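Trainee: I would like to see how this sequence folds:
(one chain, ligands or ions: 1)
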Amino acid sequence: MIRTIEWTDAGVVMLDQRLLPTQEIYRTYTNHSEVAEAIRSMVVRGAPAIGVAAAMGIAMGVDTSNPGSLAELDVLFERICSDIASTRPTAVNLFWAVERMKAVYSGTRPLGIPAVRSALIHESIVMHAEDIEANRAMGRFGQALIPNKARVLTHCNAGALATAGYGTALGVIRAAVEAGNQIEVYADETRPFLQGARLTAWELQQDGIPVTIITDNMAGHFMQKGKIDCVIVGADRIAANGDVANKIGTYSVAVLAKENGVPFFVAAPISTLDLSIPDGSHIPIEERDPDEVRKIMGVPITPMDAKVANPAFDVTPNRYVHAIITERGIARPPFQESLQTLARGAA
Ligand code: MRU
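Mentor: Model prediction:
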């Protein structure tokens, strides 16, 4: 099993996803600023993995601190949380994780500093385990939606690398394969960070699941030729009405899917729902370094002074989404109601 992120005695260990698939390097982070930088620079990425990294970063920050009093720890804890929260704006799992750690902090504060420390570490490890469980549950619900011998298109990486393990969209694919479905995956390369070409292709190959890499501009062609039976992607934030923020390019794939009569599915844990916002227009879209577009793996491919735009995510309106697969069941349109029901806990 791929080890994306782990709490160890030596620190938070993460597989450096910037280097895959050519190098498999694990790095150990020993303070919260390093973990924050690892999230910002995408050593670790993918909404659920970012959430777990945030929790572990906060736990690490408190564990390595030496406050003289609880009042001092209060100030420090706020700073650690805001450092972690400022890393990436779009994936709501980050803020969900910070809030969850804040609740643990308040709950254990009366018991003193050592109790706070161990409760925060424990919570981050629990969140890691829960995420894998959630992905397996999404797989159990979602695999029924995938036709037998389907050719499935995915965009970005919503796999083990984007989560604590198993994956959301790729988790559904894995579960279908485990159930005997001979799926073939088409992976969009996902410019500019190449999560599809580098990460999705790598992790599917590890599992022996057939994968064909296509450039982002080929998806429409393959749909038009009848070579794609369904699309499944992950999400970074889902608004109350079912609008879905995911990796830049997802919206184009969704529109092409509708035009070609191909079902478009989203797999995401409940922690990716943001029911506080009515629709996708309220989702902050991260703008990343223009050099990510100007270069591929550090090699310049454009005039280096060319003006570049680099939004990391886009929003797919709910009308393009056939179903949202969560660990509590499958939400279908109208999402306003179905997502509320799942968020309340009904399976
Ligand atoms: O910029 P990234 O690589 O963090 O973006 C990741 C995605 O957009 C994923 O599709 C999303 O987080 C879902 S991961 C299970």
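Trainee: tell me how many other residues surround the residue of the stretch 201-347 of the chain found nearest the ligand.
Mentor: Going by CB to the nearest ligand atom, the ligand is nearest to G234 of the stretch 201-347 of the chain, at 2.6 Å. (Each C-beta comes from the backbone N, C-alpha and C, glycine too.) G234 has 32 neighbouring residues, counting by other CB atoms under 10 Å.
Trainee: could you do the one 5 residues further on as well?
Mentor: Each residue near A239 was counted by other CB under 10 Å, and the total is 26.
Trainee: correct me if wrong: G46 contacts L161.
Mentor: Yes: between G46 and L161 there is a contact under CB atoms under 8 Å: 6.3 Å.
Trainee: more neighbours: the two, which one.
Mentor: More crowded of G46 and L161, by other CB under 10 Å: G46, with 30 against 26.
Trainee: quick check: phi and psi at the closest residue in space to the more buried one that isn't next to it in sequence.
Mentor: Nearest non-adjacent residue to G46, counting by CB to CB, 6 or more residues apart in numbering: A162, 2.2 Å away. When read as degrees, to the nearest 10, the backbone of A162 gives phi -90, psi 0.
Trainee: repeat that for L153.
Mentor: phi -90, psi 140.
Trainee: measure it to the ligand for me?
Mentor: 13 Å (CB to the nearest ligand atom, to the nearest Å).
Trainee: now for the residue of the stretch 201-347 of the chain closest to the ligand: which residues touch it?
Mentor: 46-47, 156, 158, 162, 167-169, 246, 266-268 (CB atoms under 8 Å, 6 or more residues apart in numbering).
Trainee: domain-wise, how is this structure divided?
Mentor: Per automatic domain parsing, the domain ranges recorded for the chain read 5-136, 146-343.
Trainee: so is the first one next to the ligand?
Mentor: Yes: judged by CB under 6 Å from any ligand atom, domain 5-136 comes into contact with the ligand through 45-48, 91.
Trainee: looking at the residues you listed, spot the one nearest E133.
Mentor: P48 (11.5 Å; CB to CB).
Trainee: looking at it, the closest one is touching S271, isn't it?
Mentor: Yes: when contacts are counted by CB under 8 Å, P48 is listed as touching S271 (7.0 Å).
Trainee: common neighbours of these two, please.
Mentor: By CB under 8 Å, 6+ apart, the residues touching both P48 and S271 are 93, 134.
Trainee: more neighbours, these two?
Mentor: P48 (33 against 23).
Trainee: helix, strand or coil for that one?
Mentor: Three-state call for P48 (DSSP: H, G, I helix; E, B strand; the rest coil): helix.
Trainee: ok, K307 - how many residues close by?
Mentor: 7.
Trainee: phi, psi of it?
Mentor: Dihedral angles phi and psi of K307 (degrees, to the nearest 10) take the values phi -70, psi 140.
Trainee: how about the contacts made by the closest residue in space to it that isn't next to it in sequence?
Mentor: Using CB to CB, 6+ apart and skipping the chain neighbours, the partner closest in space to K307 is P290 (7.9 Å). P290 is in contact with 307-310, counting by CB under 8 Å, 6+ apart.
Trainee: check those against the ligand, which are close?
Mentor: Okay, of the contacts of P290, nothing touches the ligand (CB under 6 Å from any ligand atom).
Trainee: narrow these to those in strands?
Mentor: Among those, no member falls in strands (DSSP state E).
Trainee: for the closest residue in space to T28 that isn't next to it in sequence, give the beta-bridge partners.
Mentor: Nearest-residue entry for T28: G11, 4.3 Å, with adjacent residues in sequence omitted and distances by CB to CB, 6+ apart. Using DSSP bridges, the bridge partners assigned to G11 are T8.
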